[in-house]
Structure formats: structure tokens, C-alpha cells
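> Requesting a structural model of the entry that follows:
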Amino acid sequence: MNGQFIQGVEIDWERVEGDSYLRDIEALHGCEELRFTRPITFFVGENGSGKSTLLEAIAVAYGFNPEGGTKNYKFSTYDSHSELCGAIRLRKGYKKASWGYFLRAESFYNVATQERKYSDATHPSMGYHEHSHGESFLMLAQSQLRQDGLYIFDEPEAALSPQRQLTLLMEVYECAKYGSQFLIATHSPILLGIPDAEILTFDRGSIHSCAYEETESYQVTEMFINNREQLLSRLIGEEK
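Numbers count the residues shown, from 1 in each chain. Down below sits the predicted model:
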């Protein structure tokens, strides 16, 4: 039995304007339905392939603030989310998440600022602005991750060193073992290595499942590490 909080997504393209840029995103335009069957699902693909657009739409349709935060966050710094959230229907499971968080790397500063405004004597601020970007990212993840939660992360590796990415990997894996669900858009070959996760790639014109070794994040990283001098020689034209 599929025990995920969000078991799938259906897209009604009749609710998307005919001249919308969404229709020009090849992987999205050909998609009418997706299923999520594992506790951890990754969205991967080149920039502009639609992975963050779909992830954001899922988050907003579920009730999260478009800029991020918990479902209790209600603010807007800049209204930039697409109309896709109004065209999708979430297939929800029989269980309801006890907690959740939507993390967007690009609007983290806004959320950190709002968190400070929401704080009071009973709920003191975590002081994200008083720490480095990477430290704040990891602090937020560690403070928000709980069992039976729904977590939607858009490029959580953006501010993290490789070591901190490994820490986040362990945190996500452990949390998923205790009933939480993760939908994560990422370019990180480290995070993509989490065991038993499903990887959905948005490349080559459609959204489809792929193996870890088939992702461009893995292939490009492996190629660079194993053939660094030859690759740099071709790229920048400097031969020894």
C-alpha cells in the first residue's frame, strides 16, 4: 500500500492559459500525471527543465507559502510563482502529515527574516541571519525535520559544503525511515545518492524515472574527477 502523504499529481492543462510559458516547458507540457511511491523522490534536470516550477506548484497546492516556510507562514515579498499551482490536483494518501516545511534556496533570506518577525518570548528566533548561509540552511533543516512530516526542498544543497550535504543526507534518510515524505529538486550528486530514493529526470523532453548513475549530476561529476586535466584542457585550451 502506498503510504505517502502526496501519492501523485494530476495536471489539467485546460486551466493553463494558451500563451503561458508553461506550455513551452517540454517535460511539463507532455505530463498529465505523476505518481510518488517512495518516501524520497528527487527531481533532477538541467536549468529551465521545469523541476522547480513543478515542485513549487505542488508546495503551493498543498498549502505552503510560495516563498517557503511552514504552512503557518503567510507573507509575500514578491509574487513570482506560476499559475501551475491552480492547474494541478494532488492525490493525497489516507494519512495526514503532522508537520511540514517548504524550503526554497532562492528565497531563504526572506523566510529567515520573516521567522525573526514571527518570533516571541514563547517561540524565540533561531537567529538565522546571525550565522553563515550554510550554517543557517543546516540549522533550519535540523530544527524542522520530524517524523511523519512532509518536506518539499528546492535545491537545499545551494549553500552547503560537501561535508554538510552528507550531514543533510543522513538527516533526510533517518527522517524518512520514521514516516516522513520528501520531494526534493537538486543538482547534488551527493544527495542523489540516498538509498532507495526515486529519481525523476526532466531531461530529454519528458519526466521519467532514472538510475543514479544515469543522472547528469553524477555523470558530469564523475567525468570531471576522473579526467580533470584532459577536460580542462579542452574547455579552456591550456595544454601542459
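
> helices or strands next to the longest helix belonging to the chain in the packing?
In the chain, assigned by DSSP state H, the helix with the most residues is helix 162-177. Here helix 162-177 touches strand 40-44, helix 133-144, strand 149-154, strand 181-185, going by 3 or more CB pairs under 8 Å, 6 or more residues apart in numbering; DSSP states H and E. Where C-beta positions appear, they are placed from N, C-alpha and C, glycine not excepted.

> roughly how far is the helix or strand containing G100 from the heart of the chain?
G100 is part of strand 99-104, with elements assigned from DSSP states H and E. On the basis of CA atoms, centre = their mean, to the nearest Å, the separation between the geometric centre of strand 99-104 and that of its chain is 10 Å.

> next one: stretch 210-222
Remark: stretch 210-222 is offset 18 Å from the chain centroid, using CA atoms, centre = their mean.

> Ends of it, what's the gap?
Chord length of stretch 210-222, first to last residue, is 17 Å (CA to CA, to the nearest Å).

> quick one: buried residues of that stretch?
In terms of neighbour count (16 or more other CB atoms under 10 Å), stretch 210-222 has its buried residues at 210, 212, 215-218, 221.

> next one: stretch 57-77
57-62, 64-71, 73.

> now swap in stretch 139-154 and tell me
By neighbour count on 16+ other CB under 10 Å, the buried set for stretch 139-154 is 139-141, 144-146, 148-154.

> secondary structure element for the residue nearest to T37 when sequence neighbours are not counted?
In this structure, T37 finds its nearest non-sequential neighbour in N2, 5.5 Å apart by CB to CB, 6 or more residues apart in numbering. Assigned by DSSP H and E, N2 falls within no helix or strand.

> how many neighbours does N2 have?
Look at N2: counted by other CB atoms under 10 Å, it has 12 neighbours.

> So, low pLDDT: which residues of this protein?
1, 72-82, 106-121, 123-131, 133, 238-240 (pLDDT under 70).

> can you rerun that using 50?
Within the chain, the segments meeting pLDDT under 50 span 240.

> Tell me which residues of the longest helix of the chain come out buried.
Buried residues in helix 162-177, counted by 16+ other CB under 10 Å: 164-165, 168-169, 172-173, 175-176.

> and of the residues you listed, the nearest to L34?
A176 (18.8 Å; CB to CB).

> Enumerate every residue touching the closest residue to that closest one other than its chain neighbours.
In space, and not counting its chain neighbours, A176 is closest to P39: 4.0 Å by CB to CB, 6+ apart. Going by CB atoms under 8 Å, 6 or more residues apart in numbering, P39 touches 4, 176-177, 179-182, 196-197.
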